[in-house]
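Asks: Just to be clear, the model below is a prediction. Sequence and coordinates:
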Amino acid sequence: MLTMTGALAMLIISTASMTTQWQRERMRAAADSTLTHHALKRALSEAEVVEAELRSERDTLRGTITDTAGVALPGVVVSDGVTCTKTDSSGRYVLPRHEGARFVFYTVPDYCEVPTHSPEDRTALFYKPISDTVAVYDFTLTRLPGGKEMAHRMIVIGDPQVTNAFSPYYTGPNDNPIEKSDVARFTEETMADIRRTIAEMPAGTPVYGLSMGDDVQYYGGYNDSLELQIRQALGSSSMTLFSVIGNHDQEGKSVYREKWEDNWGPTDYSFDRGDVHYVCLNNCYFYHGALYYSPGEMTDRQMAWLMQDLAMADRQKKVVLSYHIPFTFGNRPYKDARPLAIDSEPGHFTSSRLTPLLNRLDSFAGGYELFCGHTHFALNHEIEYEGRQVTEHCHAAACGNIWQSNINICGTPNGYYVYAFNGTRMTDAYYKGTRHDRQRQLTLFRADTSFNHESYAEDWNLPKNRGVIVANVYNADSRWRVVAMENGREHVMTRLSGTGQDAFATGYHHKYSKSVSYWFVSKQNNYLIMNHLYYYVPRSPRSVVFVKATDPWGNTYTESTDHTVHNPFYNYAHYY
């Protein structure tokens, strides 16, 4: 009897620090030496049950997901970034604890609202930080009044990339640099423009936003509040906004990555809107300090999580896979990356993860889209890969050349993209230049024009002294039809594609860019791929020619050679 009491006492001592008050009282009663032999055996059995419960608390995460009326929500995917599970018929879930997991989060169902940080900061809040001392994580979701949204808009913002330093830029012909913080420019230019775009949409349109990463870059040293500043700026409109993490958000340093997570939550997660399953990934794989693989890569643990997430998603939906670094091209490859094998894009590779990713995405009846950022140039990258046609949408940067102009290094204006989805179909997509009308989708140049000693004729080996017209069509892909109208006759323009530069952007930035290297904006940057330039050799160099560009959704955009950009500096790259 004493032996049993001693064993029970040791059990109590070993678990007392982990117990609740109720459990301690049960164990204290069980240890009472005046108990009968039968009662003591029963008490010991209860103590063992309590100890098993405690062990379960230490080793698992669990909780319940209900709606605001307290009704259980079954079938909701819950994860810690390592393992995925679904809530049962009572809305309950259990996950094993994993070392390094920082959050419990759920895939927002298509019939529920996306929770946000506040009415003024509408960035998504679908997660809770994991604590060593807490095992239960309950969530309460709000059902959409009309159920699943059949149609929605997604505004995609490439690389806000606000910094600690003042990036010099110019607003007038006197060439005096303006000093304004990047956060202020992003707020007063990009977000103000986004608010105007949303206001022009039909009333009641569900609008969401997605930042493609590099929310910040720590020029000038670490700034503890920078991620919070950009999160609040991104959340300042009526759209509900999500973000992926970029390489500059991390720079290979845990303190940087953790600051992003403190503000944004998990780096690998998913959510459903309408008939679209969005998956956001951290594909910035660092191998030495701030160096990272390009094309993007992922760890085995991330791939295991992604395959679980996609296995639990509705296979009738469309998947939009969102990440920072392109998967289909890059010139700093991981050892298992494959050569791209496109003659016009030498030195480029595809990610070692591309084959298993596409194999899984092929199983979705609604198809898939690949969304990335990172490059500071616009590119709909189309390749033939293992018997399939693959397009990766590489989004130009909101910050352009890191807030030192109003253009990206491909000549595309600073701006963002607007996608329309109806069911699983993408029904519209356009590029919205900041402060420009939606109808502005192209810019015209003459090939012979010298932009600070750079010309399209030299860069792309075009005919000289013929008045050749070059059209930069920002969001073009192979489905666009771009024609020149001369003297009432229509002529299909020739598309250029390859590793090359935009003469206008290069000439401009070589004069004014201060914070990035010379090669980054030039043909020396063999990462830069251009495929949205078109040219036409007019019958008469003096003709007024109209360029007409028609996108896959039937939208037609026009521009006249009366509006060609001929000045290398005082133009839309310099000031408005």
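Replies: The structure has been received and is ready for your questions.
Asks: From here on, just use CA atoms for contacts and neighbour counts.
Replies: Noted.
Asks: which residues sit in contact with residue 171?
Replies: Counting by CA atoms under 8 Å, 6 or more residues apart in numbering, residue 171 touches 177, 178, 574, 575, 576.
Asks: ok, now how distant is the residue most central in space within the chain from residue 512?
Replies: Among the residues of the chain, the one closest to the centroid is residue 212, at 2.8 Å (CA atoms, centre = their mean). Going from residue 212 to residue 512 by CA to CA, to the nearest Å gives 26 Å.
Asks: that older thread, shouldn't the residue nearest to the centre of the chain be in contact with residue 241?
Replies: No - judged on CA atoms under 8 Å, residue 212 makes no contact with residue 241 at a distance of 11.0 Å.
Asks: Can you tell me which of the contacts of residue 171 is nearest residue 100?
Replies: Distance to residue 100, by CA to CA, is smallest for residue 178 among the contacts of residue 171, at 44.0 Å.
Asks: Residue 439 contacts residue 557, correct?
Replies: Yes - using CA under 8 Å, residue 439 is in contact with residue 557, at 6.2 Å.
Asks: what ranges do the helices span in the chain?
Replies: 2-15, 21-30, 37-59, 182-185, 192-199, 226-234, 254-264, 300-312, 354-361, 456-459, 503-512 (DSSP state H).
Asks: any idea of the mean pLDDT for the fourth one?
Replies: Model confidence over helix 182-185, given as mean pLDDT, is 95.
Asks: Kindly report the same for the third one.
Replies: Computed over helix 37-59, the mean pLDDT rounds to 59.
Asks: start to end distance for stretch 555-566?
Replies: OK, stretch 555-566 end separation, CA to CA: 27 Å.
Asks: Can you give the contact residues for that stretch?
Replies: For stretch 555-566, the external contacting residues (CA under 8 Å, 6+ apart) are 439-446, 449, 451, 469, 544-550, 571.
Asks: again with stretch 243-260
Replies: Here stretch 243-260 has contacts from 161, 210-218, 224, 227, 264, 267, 280-282, 284, 286, 288-292, 322-325, 374, using CA under 8 Å, 6+ apart.
Asks: Also stretch 427-434?
Replies: 189-190, 193, 412-421, 438, 440-441, 474-475, 553.
Asks: Need the buried ones from these selected in PyMOL.
Replies: To isolate the buried ones among the contacts of stretch 427-434 in PyMOL, judged by 16 or more other CA atoms under 10 Å, type:
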select buried, resi 189+190+193+412+413+414+415+416+417+418+419+420+421+440+441+474+475
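Asks: Can you flag which of the contacts of stretch 427-434 belong to strands?
Replies: Here DSSP state E is the test, and these give 415, 416, 417, 418, 419, 420, 421 as lying in strands.
Asks: how about residue 194, what does it touch?
Replies: residue 237.
Asks: That one and residue 328, how far apart?
Replies: The value you get for residue 194 to residue 328, if CA to CA is used, is 29 Å.
Asks: Check residue 81 too.
Replies: With CA to CA as the criterion, residue 81 and residue 328 are 25 Å apart.
Asks: Pipe the contacts of residue 171 into CSV and attach pLDDT, neighbour count and distance to residue 246 per row.
Replies: Below are those laid out as CSV (pLDDT from 0 to 100; neighbours: other CA atoms under 10 Å; distance: CA to CA, whole Å):
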residue, pLDDT, neighbour count, distance to residue 246
177, 87, 14, 29
178, 87, 14, 27
574, 84, 21, 27
575, 70, 14, 29
576, 59, 12, 30
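Asks: and which of these is nearest residue 346?
Replies: residue 574 (32.6 Å).
Asks: What does that closest one show for phi and psi?
Replies: Note on residue 574: backbone dihedrals following degrees, to the nearest 10 are phi -100, psi -50.
Asks: Just the pLDDT for the closest residue to residue 466 other than its chain neighbours.
Replies: Once flanking residues are discounted, residue 466 sits nearest to residue 541: 5.9 Å by CA to CA, 6 or more residues apart in numbering. Residue 541 is assigned a pLDDT of 88 by the prediction.
Asks: mind checking pLDDT for residue 480?
Replies: 98.
Asks: To clarify, my last question referred to residue 244.
Replies: Confidence for residue 244, expressed as pLDDT, is 98.
Asks: Nearest residue to it in space, please, no chain neighbours.
Replies: residue 213 (4.9 Å).
Asks: Could you double-check that the one you found lies in contact with residue 158?
Replies: Yes - the criterion here is CA under 8 Å, and residue 213 meets it with residue 158 at 7.0 Å.
Asks: These two: which is more packed in?
Replies: Using other CA atoms under 10 Å as the criterion, residue 213 and residue 158 rank with residue 158 on top: 32 against 28.
Asks: what residues are up against that one?
Replies: Counting by CA under 8 Å, 6+ apart, residue 158 touches 211, 212, 213, 372, 373, 374, 376, 395, 396, 397, 398, 416.
Asks: any chance of the ones in strands among the contacts of stretch 427-434 in TSV, with pLDDT too?
Replies: As requested, the ones in strands among the contacts of stretch 427-434 are exported to TSV (pLDDT from 0 to 100):
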residue	pLDDT
415	98
416	98
417	98
418	98
419	98
420	98
421	98
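Asks: In contact with the residue nearest to residue 244, which residues?
Replies: 158-160, 243-247, 249, 323-324, 373-374.
Asks: Quick check: the two most widely separated of these?
Replies: 160 and 323 (14.5 Å).
Asks: where does the stretch 151-300 of the chain dip in pLDDT?
Replies: Flagging of the stretch 151-300 of the chain using pLDDT under 70 yields an empty set of residue ranges.
Asks: Tell me the pLDDT of residue 460.
Replies: Value for residue 460, per-residue pLDDT: 98.
Asks: scratch that, residue 16 is what I was asking about
Replies: Looking at residue 16, its pLDDT stands at 40.
Asks: what's the answer for the one 5 residues further on, then?
Replies: Among the per-residue scores, residue 21 shows a pLDDT of 44.
Asks: List the buried residues in stretch 559-576.
Replies: Buried residues in stretch 559-576 (16+ other CA under 10 Å): 559, 561, 565, 566, 568, 569, 570, 571, 573, 574.
Asks: hang on, residue 227 packs against residue 218?
Replies: No - using CA under 8 Å, residue 227 makes no contact with residue 218, being 9.9 Å away.
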